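Undergrad: give me the fold of what follows.
(chains A and B)
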2 protein chains.
Amino acid sequence: MLSTHIQKMTTRPPTVEDSFSFAHDEALRLVTGGALQPVEIQYAIYGELNAERDNAVLICHALSGSARVADWWAEMFATNEGDARPFDASRDCIIGTNVIGSCYGSTGPVSTNPATGARYASDFPLVSIADMVRAQSVLVEHLGITRLRAVVGGSIGGMQALQWAVDYPERVARVVAIGAAPLGAMGLAFNHMQRQAITSDPLWQGGDYTTDHPPAAGLALARALAMCTYKSPELFAERFARHANRNGEDPHRALEERYEVGGYLDYQGARFVERFDANSYLLLTKAMDNFDLARGYASEAEALRRISAAVTLVGINSDWLFPPDDVRHLAERLRAASVNTHYHEMQSSHGHDAFLADAALLAPLIIEALAAD
Amino acid sequence: MLSTHIQKMTTRPPTVEDSFSFAHDEALRLVTGGALQPVEIQYAIYGELNAERDNAVLICHALSGSARVADWWAEMFATNEGDARPFDASRDCIIGTNVIGSCYGSTGPVSTNPATGARYASDFPLVSIADMVRAQSVLVEHLGITRLRAVVGGSIGGMQALQWAVDYPERVARVVAIGAAPLGAMGLAFNHMQRQAITSDPLWQGGDYTTDHPPAAGLALARALAMCTYKSPELFAERFARHANRNGEDPHRALEERYEVGGYLDYQGARFVERFDANSYLLLTKAMDNFDLARGYASEAEALRRISAAVTLVGINSDWLFPPDDVRHLAERLRAASVNTHYHEMQSSHGHDAFLADAALLAPLIIEALAAD
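TA: Presented below is the predicted three-dimensional model:
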């Protein structure tokens, strides 16, 4: 995937894909009380830092994303001179990092625990959105960037962007968070059930499964459930209606024969277990649950008053995981804390997933946000 | 539970709780091709059939209900003279039956298979809503009732009520179906995932689990998922918000410590496995998926044109399992088929569950429907 983009971007500086280790001397202390030492951060850079070092834009990925932003947000990148796209590697220095706790190169449950020489697995500590951001901040400092032009992300990527603005107010000029707010009770419910699906799978083994025998059924079901929360009822109705599964199954014939939506969800689940680690999934959904800007401050209002960045929030009309009202209410609380706040509502039938699936609709909002003063 | 109601209804004829066996001579052929022989129907009667035999009202239960209507729909019953309640055992003959495929007394997967002398378990055939209704019709005939004053039900109970009107047009004067319509793609998705939760549990054993070792974790997760679809995001937000679980758990402390909504869902799941059979759950959700009045007829329109009953449909504004638009669209198709159709939309934050949880709001609509000509 990435190589295709690099080919298209022949006139642009190539991606620098690299990893950075730190905390050799001092552990990265986590807000939950645990610590990691050392910490590795997988990152990708598209473009080059300019002489003024003021063209760096940090992109934060969502639950199952990676540092390779151009892989999962390709539509946001200019591929030809003059393209009206938010990210242009000939002008910007676009940085993606894999969050700690994930399984795409940064330190996570599949990494080796230096204390035992084996995989961390169940020994990996809880990480919060603030911990992820703190690790990113060390990398950003290492890259010689004192102030980011912007931090941009959707879903838990948007949570990270907001956390940056609160925890490092002097180091972020602009924040764009799409489909992100503290999770409501229904969202907490769905994340809880996804974790139950994994931890109820006997192969999970309390987190200490072997790589040959992961809790595949549990993780696949968790992913299927998540897919429903990422999409909207109207999209499913349009795409699947009540059609029988394409391969000739007849749901009226036998218990195991499916409607098309069932076949789709099973397929999404099966693909996901090939590429994602169950313990990482548990950790990252937990971090999503626990996102609360008030943590570490006297109140959410006090946290928000720290922000000096211009903040753009985007709600999605058909998003039922992060309903647009929740995002708009967060924008109101930001304004009440005297933050320079912009709120947009995207009109898309794609649900929460619209920040990826309808990137073309989102791009102009990000362009505007990156130009804001 | 029932004894309480009987005590309250001292001036009313007591409940006749009984079961009826049929198909000794001829098997009950199922629309999927299977057959059951014999068939047992568990039923409860509140009140007595009058001399004209025109006061019988059949109440159809939803997924996990039973024949004992006064247990799960107590608010619908008059307890004192002059109560404005839809069902009055001093006037009406209220009949509840447990559907075939369930586990509350009628023939289902926990019944003995006469061919083997053991429990049916995985040998139990698929049943459809039409099969359930056909079995009920034999019981109703046995009770000496040629025409029901009304058939009333919510959710898959409402599906049965509609199926009655189509399959036995001359035997039903009125139909009331609440929160019922052919299931949309998102609803099909959630039922599919509930079945996946059960069938992925290694204890399910292809359906041939022992009663000592049922697939409890899978069934509990299925129930938790179902509870989310029965309730609304606004209700969860109001009831649980982002509160930590009441017993002192702190979700920020450990992976397994929960928010209150997680504790609630786990509790609902654990209670459910004590009272419900996993194979019945699979069968009944499958029947719900497969509800389609067109089956057995040239088209849905042709099926609807058979109806002579007055039909009252009730949608619930916060129902996202059976969105009110789906119910209203069905009302429009009924009208297009020249059916005497009434549509009401209940305003309740209880979601699909409102037909049980907000029975007091629903009662006047049922009273009106039962009086309609």
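Undergrad: surely residue A:370 touches residue A:174?
TA: Yes: if you go by Cβ atoms under 8 Å, residue A:370 and residue A:174 touch, sitting 6.3 Å apart. (Glycine included, C-beta is placed from N, CA and C.)
Undergrad: what do those two both touch?
TA: Shared contacts of residue A:370 and residue A:174, defined by Cβ atoms under 8 Å, 6 or more residues apart in numbering or on different chains, comprise A:149-150.
Undergrad: more neighbours: the two, which one.
TA: residue A:174 (24 against 19; other Cβ atoms under 10 Å in any protein chain shown).
Undergrad: where along the stretch 51-200 of chain A do the helices fall?
TA: A:69-72, A:129-142, A:156-167, A:185-199 (DSSP state H, counting those that start in this stretch).
Undergrad: quick one, which of those is packed in tightest?
TA: Most buried of the helices of the stretch 51-200 of chain A, by mean neighbour count (mean count of other Cβ atoms under 10 Å in any protein chain shown): helix A:156-167, with a mean of 28.
Undergrad: in three-state terms, label residue A:312 for me.
TA: strand (DSSP: H, G, I helix; E, B strand; the rest coil).
Undergrad: so which bits of the stretch 101-250 of chain A are right by chain B?
TA: The stretch 101-250 of chain A comes close to chain B at residues A:126, A:128, A:182-186, A:188-190, A:192-193, A:195-197, A:199-202, A:217-218, A:221, A:224-225, A:228, A:233, A:236-237, A:239-242, as judged by Cβ under 8 Å from any Cβ of the partner chain.
Undergrad: thought residue A:136 was touching residue A:160?
TA: Yes: look at residue A:136 against residue A:160 with Cβ under 8 Å: they come within range, at 7.4 Å.
Undergrad: number of residues surrounding residue A:333?
TA: 15.
Undergrad: what sits against it?
TA: Residue A:333 neighbours (Cβ under 8 Å, 6+ apart): A:300-301, A:304.
Undergrad: which residue is the nearest non-sequential neighbour of the residue positioned nearest the centre of chain A?
TA: Residue closest to the average C-alpha location in chain A (Cα atoms, centre = their mean): residue A:62, at 1.3 Å. Nearest in space to residue A:62, with sequence neighbours left out and distances taken as Cβ to Cβ, 6 or more residues apart in numbering or on different chains, is residue A:155 at 3.9 Å.
Undergrad: how close does that neighbour sit to residue B:233?
TA: As judged by Cβ to Cβ, to the nearest Å, residue A:155 and residue B:233 stand 17 Å apart.
Undergrad: repeat that for residue A:266.
TA: 26 Å.
Undergrad: next: residue A:42.
TA: Distance from residue A:42 to residue B:233, by Cβ to Cβ: 36 Å.
Undergrad: with residue A:234 instead?
TA: On the measure of Cβ to Cβ, residue A:234 and residue B:233 end up 16 Å apart.
Undergrad: can you check residue A:257 too?
TA: Taking Cβ to Cβ as the measure, residue A:257 falls 32 Å from residue B:233.
Undergrad: try residue A:352
TA: 13 Å.
Undergrad: overlap of the contact sets of those two?
TA: Counting by Cβ under 8 Å, 6+ apart, the contacts common to residue A:352 and residue B:233 are residue A:320.
Undergrad: of those two, which one has the most company?
TA: Neighbour comparison, residue A:352 and residue B:233: the larger count goes to residue A:352, with 27 against 22 (by other Cβ under 10 Å).
Undergrad: helix, strand or coil for the more buried one?
TA: With three-state DSSP as the basis, residue A:352 sits in helix.
Undergrad: least trustworthy helix or strand in chain A by mean pLDDT?
TA: Across the helices and strands of chain A, mean pLDDT, DSSP states H and E gives its lowest value to helix A:2-8, namely a mean of 35.
Undergrad: ok, then the element right after it?
TA: For helix A:2-8, the succeeding helix or strand toward the C-terminus, using DSSP states H and E, is strand A:16-22.
Undergrad: show me the contact partners of that following strand.
TA: With Cβ under 8 Å, 6+ apart as the contact definition, strand A:16-22 has outside contacts at A:28, A:38-45, A:67-68, A:105-106, A:138-139, A:142.
Undergrad: and the strands in the stretch 201-350 of chain A?
TA: Assigned by DSSP state E, counting those that start in this stretch, the strands in the stretch 201-350 of chain A fall at A:310-316, A:341-346.
Undergrad: chain center to the longest one: distance?
TA: Relative to the centre of its chain, strand A:310-316 is centred 16 Å away, using Cα atoms, centre = their mean, to the nearest Å.
Undergrad: helices and strands around it, which ones?
TA: helix A:156-167, strand A:174-178, helix A:324-336, strand A:341-346, helix A:354-357, helix A:359-371 (3 or more Cβ pairs under 8 Å, 6 or more residues apart in numbering or on different chains; DSSP states H and E).
Undergrad: turn the ones you listed into a markdown table, columns for mean pLDDT.
TA: Listed next are the helices and strands packed on strand A:310-316 as a markdown table, based on pLDDT from 0 to 100:
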| stretch | mean pLDDT |
| --- | --- |
| helix A:156-167 | 98 |
| strand A:174-178 | 98 |
| helix A:324-336 | 98 |
| strand A:341-346 | 98 |
| helix A:354-357 | 97 |
| helix A:359-371 | 96 |
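Undergrad: as JSON lines, these with distance to residue B:164 would be great.
TA: Below are the helices and strands packed on strand A:310-316 laid out as JSON lines (distance: least, Cβ to Cβ, whole Å):
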{"stretch": "helix A:156-167", "distance to residue B:164": "49"}
{"stretch": "strand A:174-178", "distance to residue B:164": "49"}
{"stretch": "helix A:324-336", "distance to residue B:164": "41"}
{"stretch": "strand A:341-346", "distance to residue B:164": "45"}
{"stretch": "helix A:354-357", "distance to residue B:164": "42"}
{"stretch": "helix A:359-371", "distance to residue B:164": "47"}
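Undergrad: so which of those is nearest residue A:251?
TA: Closest to residue A:251 of those is helix A:354-357 (Cβ to Cβ; 27.0 Å).
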